[in-house]
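[1] just to be clear, the model below is a prediction. Sequence and coordinates:
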Amino acid sequence: MNPNTPCPCSQHTYSINTLTRSYADCCQPLHQSFQTGQQFATTAEQLMRSRYSAFVLQNIDYIVATTLPSQQPLLDKSAIKTWAKQTDWAGLEIVHHNPKIGKRHAQVEFKAYFTTAEGLQCHHELSTFVKIKVKSGDKIAEGKALEKWFFVDPTVNLSISQKQPCICGSGEKFKRCCGQFL
Ligand SMILES: [Zn+2]
Ligand SMILES: [Zn+2]
């Protein structure tokens, strides 16, 4: 994708409250450096936007890398790829960003638009994100704890009881942590 063209997440044909930014000034740095940790989403909304752009650009590795680490092995990459490829994306609208709920969670309500033979369709979702400490593989994390936002995927089969330690690794019981939002 040409970095000077508008970022997929700021195509605002159907939205009233976003600014158009180029891909280079928006999601590209996040897509390029998520693994190295040089730059990463500082808010759940930014992560949500960059995930939408990754769907548009069929960057499945980014979709996987920004999902909760314990859920990553359970994702069906080829199914995600097929879905991203077949979808005719038409824009993103952030309806509401709740940057902090509880100790480490945030929620983003959004509408992702796409077109089918029947016309414009909308996928309306309330997504949950959790901020967790990461260590390995991040240069920036050397010597200090780094916190990153991750998407908590409610569709991944979570064979976990409410009293078990949470899937995000916070050390709290599932029902008192991510479980409350799924
Ligand atoms: Zn963007
Ligand atoms: Zn949790």
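    Arrived safely, thanks for sending. Ligands and ions are numbered 1, 2, ... in the order given.

[2] what comes up buried for the longest strand seen in the chain?
    With DSSP state E applied, the strand covering the greatest number of residues in the chain is identified as strand 119-134. Residues of strand 119-134 classed as buried under the neighbour-count rule (16 or more other Cβ atoms under 10 Å) are 127-132, 134. C-beta coordinates here come from the backbone N, C-alpha and C atoms, glycine included.

[3] list phi and psi for residue 6.
    The main-chain torsion angles of residue 6 are listed as degrees, to the nearest 10 and equal phi -60, psi 140.

[4] could you give the bridge partners of it?
    For residue 6, the beta-bridge partners are residue 22 (DSSP bridges).

[5] doesn't residue 22 make contact with it?
    Yes - the pair residue 6 and residue 22 qualifies as a contact (Cβ atoms under 8 Å) at a distance of 6.3 Å.

[6] for the protein, what lies in contact range of ligand 1?
    By the criterion of Cβ under 5 Å from the ion, the positions of the chain lying close to ligand 1 are 7, 9, 26-27, 49, 53.

[7] got these as JSON lines, with distance to ligand 2, pLDDT and neighbour count columns?
    Supplementary listing: these in JSON lines, determined by distance: Cβ to the ion, whole Å; pLDDT from 0 to 100; neighbours: other Cβ atoms under 10 Å:
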{"residue": "7", "distance to ligand 2": "30", "pLDDT": "91", "neighbour count": "24"}
{"residue": "9", "distance to ligand 2": "26", "pLDDT": "91", "neighbour count": "27"}
{"residue": "26", "distance to ligand 2": "28", "pLDDT": "92", "neighbour count": "22"}
{"residue": "27", "distance to ligand 2": "26", "pLDDT": "94", "neighbour count": "29"}
{"residue": "49", "distance to ligand 2": "23", "pLDDT": "96", "neighbour count": "25"}
{"residue": "53", "distance to ligand 2": "26", "pLDDT": "96", "neighbour count": "25"}
